[in-house]
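> here is a sequence with its predicted model. Questions after.
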Amino acid sequence: MAEANPTVDVAAESKKAKKKAEKKAEKAKAKADAQAASGAADQAAPEEDVSKGLYGDKPIIRSTERPGRKFTRVEELSEALADQTVLVRARLHTSRLTGKYGFVVLRQQCCTVQGVMSKGDKISKQMLKFATSVPKESIVDAIGVIRTVDKPVTSCTQQNVELHVQEFFTVSKAEPRLPLQIDDASRAETEEDGAGPKVNQDTRLDNRIIDLRTTTNQAVFRMQAGVVHLFKEHLTKERFVEIQTPHIISAASEGGANVFTVSYFDRKAYLAQSPQLYKQMAICGDFERVFCVGPVFRAEDSNTHRHLTEFVGLDLEMAFNEHYHEAVDVIGNLFVTLFKGLRDRFGSEIETVSKQFPCEPFQFLEPSLRMEWPEALTLLRENGVEMGEEEDLSTPNEKLLGRLVKEKYGTDFFILDKFPLAVRPFYTMPDPSNPKSSNSYDMFMRGEEILSGAQRIHDAALLTERAQLHGIELEKIKGYIDAFRYGAPPHAGGGIGLERVLMLYLGLKNIRKTSLFPRDPSRLTP
């Protein structure tokens, strides 16, 4: 016989549930009353903003006044300014709020400093909240006292001091959502994928204005300016004259097909592939030694790591007395000056770049190593390369030769002389002792061509003959040939690609990293 179920006391259970509900309601009412009382108290007596007037958004600067305030640069912030009050204008790199403390990192070009705010008699919680909620990349003015620190602030360039902020104003606010983060764009190439996102090349170039703000790019383009300065400085000391040549011309300057055609009123014109012809004309005009810095255009459909359709050319040309090696000596010395100048004047910039893109320091000899074509050919053949005597160097063979030279001579830079005549332009002087050779030379950095040059033909009859052999219409270069009919000194020179120099010196692997706004077959903006 089954055991009977115990009888459930429904009334007792109902009474218990009712009491529980009443107790819960009382607690909810008490909590609501407390919140209401707190809100009323806050409304009745809001916390005083002791920092009122010491932070906020400045109106747009419309140049209505010039009070003459003294701004201190971030790079100048050091122990020498300890306990002094300074005014700094910089970008807000990062910010965070931790309890009663607010931390900001202010960035000005390559330099950064940590700013600190702590809630107290002069800093309100409202100011802390404002300062740490300003969007990254906004431009701000910060006034504060420089204090030395017990431990270096390793995340900033100014490691021995911090700025104890007293006033904080926005000058120009960035939008809250950025197309890329500076920290991501600055991440070291060697960091593992899990360390954080990295920004690819196209995203960088599509948002180049923000990408250029990274300390690496700031360093790269300061070094680029340094190369131009060193180039001009050295050649000016060597009695060269800077000239300006036209970039819209009537015929292809290199005699080839890789030229941009433009409409020039009722006829066609071309963008100059080189200032070559005009440098030579200047020599014929008795300038003796000339150089120029300007844009060069190449309509080559080459989407490689080292080609651009527009780049900056560093070109030089000089008359010589006896032998074209006088020019080779000058150019070789020029490169030594460039390498030494970058090493000695831009040490901190090189260090900045190498943190993101590690590379072995550039090595060179003084005087520069010089080889002739047969020696280079022998070196390549000894290492398995099958190559004809009149065949030009392919890109893989260039790189291999660079490695072999580095192993044998311990230099990343060398000069290769006496190229085959068949692979050089029509205006190159043939070698009088070898009809297959020419008085021409290339120079290489880390196994890539950085300069191409030669002794130029300075005799009108020989120049005409060589142009015809290359199939060039004489009428189109008549003005050029005529320049040599009235007495022309023997001369030689070469052209250097500015962006390529820096790419190879720093080992950056892609020329777009050293072009401010690069142009290639697939990129015409920004």
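Received it, and whenever you're ready, just let me know what you need.
> just the strands in the stretch 351-500 of the chain please.
Secondary structure of the stretch 351-500 of the chain, counting by DSSP state E, counting those that start in this stretch: strands at 369-372, 413-417, 430-431, 434-438, 440-445, 448-455, 491-497.
> using CSV, lay out those together with mean pLDDT.
Formatted as CSV, the strands of the stretch 351-500 of the chain follow (pLDDT from 0 to 100):
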stretch, mean pLDDT
strand 369-372, 97
strand 413-417, 98
strand 430-431, 98
strand 434-438, 96
strand 440-445, 98
strand 448-455, 96
strand 491-497, 97
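> closest one to residue 221 among those strands?
Ranking the strands of the stretch 351-500 of the chain by their distance to residue 221 (criterion: CB to CB) puts strand 491-497 first, at 15.7 Å. C-betas here are computed from N, CA, C, even on glycine.
> what pairs with the closest one, parallel or antiparallel?
Here strand 491-497 has these sheet partners by DSSP bridges: strand 310-319 (antiparallel), strand 448-455 (antiparallel).
> export the longest one to PDB, keeping only CA atoms.
Just to be clear, that refers to strand 310-319. Provided in PDB are the C-alpha atoms of strand 310-319 (Å, rounded to 0.1, in the frame of the first residue of the first chain):
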ATOM      1  CA  GLU A 310      57.500  60.700 -59.800                       C
ATOM      2  CA  PHE A 311      60.500  61.100 -57.600                       C
ATOM      3  CA  VAL A 312      63.000  63.800 -56.600                       C
ATOM      4  CA  GLY A 313      66.200  63.800 -58.600                       C
ATOM      5  CA  LEU A 314      69.500  65.000 -57.300                       C
ATOM      6  CA  ASP A 315      71.500  65.600 -60.500                       C
ATOM      7  CA  LEU A 316      75.000  67.000 -61.100                       C
ATOM      8  CA  GLU A 317      77.200  67.600 -64.100                       C
ATOM      9  CA  MET A 318      80.700  68.900 -64.400                       C
ATOM     10  CA  ALA A 319      83.400  69.600 -67.000                       C
END
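> can you start the count at 8 instead of 1 from here on
Yes, from this point I'll number from 8; that puts the last item at strand 317-326.
> for the helix or strand following it, packing partners?
Remark: after strand 317-326, the chain's next helix or strand is helix 332-352, criterion DSSP states H and E. On a contact count with 3 or more CB pairs under 8 Å, 6 or more residues apart in numbering; DSSP states H and E, helix 332-352 meets helix 222-244, strand 317-326, strand 420-424, strand 447-452, strand 455-462, strand 498-504, helix 505-513.
> can I get the ones you listed in TSV including distance to residue 212?
Below are the helices and strands packed on helix 332-352 laid out as TSV (distance: least, CB to CB, whole Å):
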stretch	distance to residue 212
helix 222-244	12
strand 317-326	14
strand 420-424	29
strand 447-452	24
strand 455-462	22
strand 498-504	19
helix 505-513	14
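> where in the chain is pLDDT low?
Residues of the chain meeting the criterion pLDDT under 70: 8-24, 41-53, 200-201, 260-264.
> output the longest strand belonging to it.
Criterion DSSP state E: the longest strand present in the chain is strand 92-105.
> neighbouring strands - and their directions - for it?
Assessed with DSSP bridges, strand 92-105 is paired to strand 108-115 (antiparallel), strand 146-155 (antiparallel).
> what's the closest of those to residue 481?
Between the strands paired with strand 92-105, strand 108-115 lies closest to residue 481; by CB to CB that is 57.9 Å.
> coming back round to it: so which of the strands of the stretch 358-507 of the chain comes closest to residue 275?
Of all the strands of the stretch 358-507 of the chain, strand 498-504 sits nearest to residue 275, with 24.4 Å by CB to CB.
> for the residue nearest to residue 530 when sequence neighbours are not counted, what are its contacts?
Once flanking residues are discounted, residue 530 sits nearest to residue 212: 6.6 Å by CB to CB, 6 or more residues apart in numbering. Residues near residue 212 by CB atoms under 8 Å, 6 or more residues apart in numbering: 218, 519, 525, 530, 533.
> and with 10 Å instead?
Contacts for residue 212 (CB atoms under 10 Å, 6 or more residues apart in numbering) come out as 218, 519-520, 522, 524-525, 527, 530, 532-533.
> closest one of these to residue 208?
Distance to residue 208 across those (CB to CB) is lowest for residue 519, with 6.4 Å.
> I'd like the distance between the closest one and residue 316.
In this structure, residue 519 and residue 316 are 12 Å apart, going by CB to CB, to the nearest Å.
> likewise residue 497?
Distance of residue 497 to residue 316, computed by CB to CB: 34 Å.
> can you count the residues close to the closest residue to residue 506 other than its chain neighbours?
Distances taken as CB to CB, 6+ apart place residue 521 nearest to residue 506, at 4.4 Å, with adjacent residues excluded. Burial of residue 521 is recorded as 27 neighbouring residues (other CB atoms under 10 Å).
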